[in-house]
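Colleague: let me see the structure of the following:
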Amino acid sequence: MSDNDMPRFPNRQLTLESGRGQQPAPESPSQSKCNTHLLLLGWIWAQLQLVFIAVLSVCSDDAQVAVQSLLGSIGTNLTFILSSSLFIGGCRHVYLGFSLDSTMNMTQLLLFALLALSLPTVFQLAVPASSSNGQAANLVHGIAIGVLCLHVAFLVYTVMKQRKWKAAASQDDSIMPTEHTETSSDTPFVKYWFAVGFLVIIAGVTGLSSECMVQSLNKLIAPSGAESKTWIGLILLPVAGNAPEHATAVVAAWKGNLDLSILVAVGSALQIAACVLPFTLLLIWRLGKEGGNFALVQILILVRTTGLRGSSCLLRIFFDCYCDIDGLADSGVVESM
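Modeller: Prediction:
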């Protein structure tokens, strides 16, 4: 058989069998750009909500609730949202795979931020309070500034990488044009500036509702004490605040798009750990409040949840869900003691 008679196959990237039917067609450049902008706007809205709650809580002498709600949001994204997404996706797809490049970058930065923020807690446990002379507080402030700078560097790296990817894609299209023609389905549903204006309006409504919620929490926490404060900060606020992200991640996992689920869950946790939480710690220090310390069990549970593999099956997902639920329950019990 000559070379001309050999069957020719298109040069496609190998993908994992993830369920029924064929793999979805790749997104067009306009769809990818629209999805990136919408995801960025969703992240900004979620972080604005957390920033409003944190600022109002700190100004209302509830710094402990603010810090615990942020730690609970990280734990909720890495445990409840990600594990439930993996479980729902595993119920439909036998084997789920995801890209390791972007996921490992976010996971490593998240792990570094959590380890850095846990250093003051380890320092307080190792050094007696009488001999520390306020060194733990200075350590918290320096680490918070360093993590914020690292987050800015990560954003710059992401933007530069996206620009290089677009330039390479446009160069490949000019050399080898594809058969894709832009249709009405490629056009975004809403205009970009309309989405930005809608975000500003939602941010104002979120700020007003956050203020009302913080005032209501002050009346609710006052008679019940520390147990209610721990339950509200670690469980109620994170689960209620992350409901839209939870729905997005679960639907994406059900459709077999595990990359989007991980991007929503881990990306949101990264934004909180590397941006919102250091900002809140600096705000607590600036206003002279107390409550910027973390419990050791919370740090250990958060660090444990940052491990992601390149693939996942239903049995591993079941074990991860059990460990995550048990860890959150232990965290709430220890904090209330």
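Colleague: mind exporting the host helix or strand of Val266 as CSV, just the C-alpha atoms?
Modeller: Val266 belongs to helix 258-271 when assigned by DSSP states H and E. Extracted in CSV, the C-alpha atoms of helix 258-271 (Å, rounded to 0.1, in the frame of the first residue of the first chain):
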residue,chain,number,x,y,z
LEU,A,258,-15.0,20.1,34.1
ASP,A,259,-12.5,22.9,33.2
LEU,A,260,-15.2,25.5,33.6
SER,A,261,-16.3,24.0,37.0
ILE,A,262,-12.7,24.1,38.3
LEU,A,263,-12.2,27.6,36.9
VAL,A,264,-15.3,28.8,38.8
ALA,A,265,-14.6,27.1,42.1
VAL,A,266,-10.8,27.3,42.3
GLY,A,267,-10.7,30.8,40.6
SER,A,268,-13.1,32.2,43.1
ALA,A,269,-11.2,30.7,46.0
LEU,A,270,-8.0,32.2,44.6
GLN,A,271,-9.6,35.6,44.3
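Colleague: what average pLDDT does that helix get?
Modeller: Across helix 258-271, pLDDT averages out at 82.
Colleague: repeat that for stretch 54-61.
Modeller: 75.
Colleague: how many neighbouring residues does Leu148 have?
Modeller: By other CB atoms under 10 Å, 18 other residues sit near Leu148. (Glycine included, C-beta is placed from N, CA and C.)
Colleague: quick one: contacts for it?
Modeller: Shown in contact with Leu148 (CB atoms under 8 Å, 6 or more residues apart in numbering): 274-275, 278-279, 282.
Colleague: change it to 7 Å
Modeller: Residues near Leu148 by CB atoms under 7 Å, 6 or more residues apart in numbering: 275, 278.
Colleague: helix, strand, or coil at it?
Modeller: helix (DSSP: H, G, I helix; E, B strand; the rest coil).
Colleague: separation between it and Leu82?
Modeller: 25 Å (CB to CB, to the nearest Å).
Colleague: likewise Pro238?
Modeller: From Pro238 over to Leu82 (counting by CB to CB), the distance is 13 Å.
Colleague: what's the answer for Ser69, then?
Modeller: 19 Å.
Colleague: ditto for Arg286
Modeller: Counting by CB to CB - Arg286 and Leu82 are separated by 33 Å.
Colleague: now do Lys164
Modeller: 29 Å.
Colleague: looking only at neighbour counts, state which of the two leads.
Modeller: Each of Lys164 and Leu82 has its neighbours counted (other CB under 10 Å); Leu82 has more, 27 against 10.
Colleague: that one and Ala265 touch, don't they?
Modeller: Yes: using CB atoms under 7 Å, Leu82 is in contact with Ala265, at 4.1 Å.
Colleague: which residues are in contact with both of the two?
Modeller: With CB under 7 Å, 6+ apart, Leu82 and Ala265 have no common neighbours.
Colleague: returning to what we had before: helix or strand right after the helix holding Val266?
Modeller: That would be, after helix 258-271 and using DSSP H and E, helix 277-287.
Colleague: show me where the protein has helices.
Modeller: In the chain, the helices defined using DSSP state H lie at 29-59, 63-75, 82-92, 100-126, 129-132, 135-175, 192-224, 226-231, 237-241, 243-254, 258-271, 277-287, 296-304, 314-336.
Colleague: lowest average confidence across these, which one?
Modeller: helix 314-336 (a mean of 54).
Colleague: contacting residues around the nearest residue to Leu282 once chain neighbours are set aside?
Modeller: With sequence-adjacent residues excluded and distances taken as CB to CB, 6 or more residues apart in numbering, Leu282 is closest to Ala144, at 5.2 Å. The contact partners of Ala144, by CB under 7 Å, 6+ apart, come to 278, 281-282.
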